[in-house]
Each structure stands twice: as structure tokens, then as C-alpha cells.
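S.K.: Fold the following and give me the result.
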Amino acid sequence: MIPDPTAPGWQHQPGIVNIDSPNQGNQAVGERNTLTQHFGTPPTLPEQVTVADLLTALQAVRDDLARLRETGAGALPDDEADEALCSLDRVGDEVVQEEPRPGVIRRHLSFAVDALTSATSLTTAGGTLAASATTLVDSLAKLQAVVLRLFGG
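M.R.: Below is the predicted model of the structure:
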């Protein structure tokens, strides 16, 4: 049974702390710790999205990833960036098929997001590096939103 936080004498029960993760939803930290969350502006999409919108969003992620690699040489591990690009290529290849397979698209997009997880920690670095990382994270969120709208989740 979950303790009732409104009950008298209730105390915080320590739990799992996730730091620099792509988790969404409720999160908690222990005593004397600080949790900083950045809630980006949700991407605005037109009422109807098309495969062309997806390809545009996909190219934006590729461009932003290239810019981040130039800005912060070595800040984002090359193997992670290469894995992300490979997964993004697979998404692009699948989207242009006569009958795209939504599961394949979602799976490879998930691989790309996982590979770029370390970019989220760079958003707090400061300066040009943080701006480039934030732009990448935002364009990745837009790509995810377009895929969700076109192929469901």
C-alpha cells in the first residue's frame, strides 16, 4: 500500500533518482537534493502533417547534430552521434517506402533518441555548446511529434 502524503506523520520514502535521463513524468529526489527540470516548448505542428514534414524534421535533426559536433568537438561521443545518424538514415529510408512500417520507424527513432541522450546533459553547459545542444533536443522533439502524429505511438 502506498503511504498517504496527507496523513499525519507521513515522511518522505527514498526511492530511485534518475539524473540526466530522457524520462518524462513525475520525478522525485531525496532530502537536501535539487532537481532541475527544463520543460521545452512543445513543438507546434500543423493540423495535418505529411511525410514531407517528417523528412524536413529529420533533416533538421541531422543539421543540428552536425552543428553540435562542430561546436563542441568531443562533447558528444562520436560513436553515439554515428549511431544516431545511422538510425536517422533508417527512419528516412523507411518513410519513403511505398508502405512504411510504423514499428520500424518508431524503433529506429527510439534508437536515435537513446544514442543522443548525452546531448541533453550538454544543454546546461553554457554558451554556444548549450545553445547547439538545446536546438538539437528541440528538433528531435519535433521529429518525435511528427512521427507520433503520422504513425501513432
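S.K.: pretty sure Ala130 contacts Leu122?
M.R.: Yes - with contacts counted by C-beta atoms under 8 Å, Ala130 reaches Leu122, the gap being 6.6 Å. Where you see a C-beta, it was placed from the backbone N, CA and C, and this is true even at glycine.
S.K.: who's more crowded, the two?
M.R.: Leu122 (22 against 15; other C-beta atoms under 10 Å).
S.K.: Not counting sequence-adjacent ones, nearest residue to that one?
M.R.: Closest residue in space to Leu122, ignoring its immediate chain neighbours: Ala133 at 3.7 Å, by C-beta to C-beta, 6 or more residues apart in numbering.
S.K.: Return the helix or strand in this structure with minimum mean pLDDT.
M.R.: Sorting the helices and strands of the chain by mean pLDDT, DSSP states H and E puts helix 117-122 at the bottom, at a mean of 76.
S.K.: Tell me the first helix or strand C-terminal of it.
M.R.: For helix 117-122, the succeeding helix or strand toward the C-terminus, using DSSP states H and E, is helix 127-151.
S.K.: Which elements pack onto that following helix?
M.R.: Here helix 127-151 touches helix 51-71, helix 102-115, helix 117-122, going by 3 or more C-beta pairs under 8 Å, 6 or more residues apart in numbering; DSSP states H and E.
S.K.: Next, the angle helix 127-151 makes with the second one.
M.R.: In this case it means helix 102-115. Relative orientation of helix 102-115 versus helix 127-151 (axes from the mean of the first three to the mean of the last three C-alpha atoms, to 10 degrees): 170 degrees.
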